[in-house]
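Asks: predicted model, plus sequence, below.
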Amino acid sequence: MNNKLALSAFIMVAAASAHAAITFNVISITSAPLSTGASWTTSGNAISFSTPNAIVGDPAATRSGILNIIYDVDAGAGSAINQVLANLGAVTMGSGQINFIEQVFELDSMGNEVGGAIGTATHNFTPMSSGNWSGATNVFAPKRYLRIKKSFVMTASPDTPALDLAALAINNQSVAMVVPEPASILAIGLAGVAFLARRKK
């Protein structure tokens, strides 16, 4: 293996190791009754939310409400995130609508928000739209620590002769493009050069 290939492999292995360090924490799902019975699971760089009572309209006790979800994510030492992906599914009938709003904030190492939103995504589910939507929130500059705030404004009003319903069925999220920070890339490159130099002696 020549030196360039060896250095490239060294950097790729070091960068790939950053992906395993992603953690989700400070997870909050609020606004009863829509949040009642809610839970979440995590796997790798993804988090999935189960919200069995996120429903408004004729079958429910309420005709409107806002489901709020907030969570923090840490890409791990030497890594940063530049994209947050959402995969949503909803059922809307009659007057039912769900307005989805997502904002991404940078955090410092103590968990405090730094400035305003650095990324935003929105989508509106109606009976005329598709029941599935996937979208990406691009972060202005890659960050290690992020806070994601998701709101689902759900309405099924007025009461019409038809079945009026708005229900959230799928709510999956993942962070993508976890890349080494510039300083980490430089450190990895220098370590690789030093390693190859030692091998030549």
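Replies: Happy to help now that I have it.

Asks: surely Thr42 is within a strand?
Replies: Yes - with DSSP: H, G, I helix; E, B strand; the rest coil as the criterion, Thr42 is part of a strand.

Asks: quick check: closest non-adjacent residue to it.
Replies: If you skip the residues right next to it in sequence, Thr42 has Phe24 as its closest partner in space, 5.1 Å away by Cβ to Cβ, 6 or more residues apart in numbering. Using the backbone N, CA and C atoms, a C-beta is placed for each residue, glycine as well.

Asks: neighbours of Gly78, how many?
Replies: Summarising burial for Gly78: neighbours were counted as other Cβ atoms under 10 Å, giving 19.

Asks: with Phe24 instead?
Replies: Other residues near Phe24 number 18, with proximity taken as other Cβ under 10 Å.

Asks: does the residue nearest to Thr42 touch Gly76 like I think?
Replies: No - counting by Cβ atoms under 8 Å, Phe24 sits too far from Gly76 to count as a contact (11.9 Å).

Asks: check contacts around the residue nearest to Thr42.
Replies: If you count contacts by Cβ atoms under 8 Å, 6 or more residues apart in numbering, Phe24 has them with Thr42, Ile47, Tyr71, Asp72, Val73.

Asks: redo that, cut-off 6 Å
Replies: With contact set as Cβ atoms under 6 Å, 6 or more residues apart in numbering, Phe24 has these partners: Thr42, Ile47, Tyr71, Val73.

Asks: what do you get for Gly119?
Replies: Val104, Thr137, Asn138, Val139.

Asks: in the sheet, who's paired with it?
Replies: Beta-bridge partners of Gly119, counted by DSSP bridges, are Val104.

Asks: next one: Gly65
Replies: The bridge-partner assignment for Gly65, based on DSSP bridges, gives Met154.

Asks: burial count for it?
Replies: When neighbours are defined as other Cβ under 10 Å, Gly65 has 22 of them.

Asks: just to check, it is in contact with Met154?
Replies: Yes - at 5.5 Å, Gly65 counts as touching Met154 under the criterion of Cβ atoms under 6 Å.

Asks: okay, and the common contacts of those two?
Replies: Shared contacts of Gly65 and Met154 (Cβ under 6 Å, 6+ apart): Val56.

Asks: what's the nearest residue to Asn124 if we skip its chain neighbours?
Replies: Using Cβ to Cβ, 6+ apart, the closest residue to Asn124 is Asn99 (5.1 Å).

Asks: check the secondary structure at that neighbour for me.
Replies: Asn99 is classified as strand under three-state DSSP.
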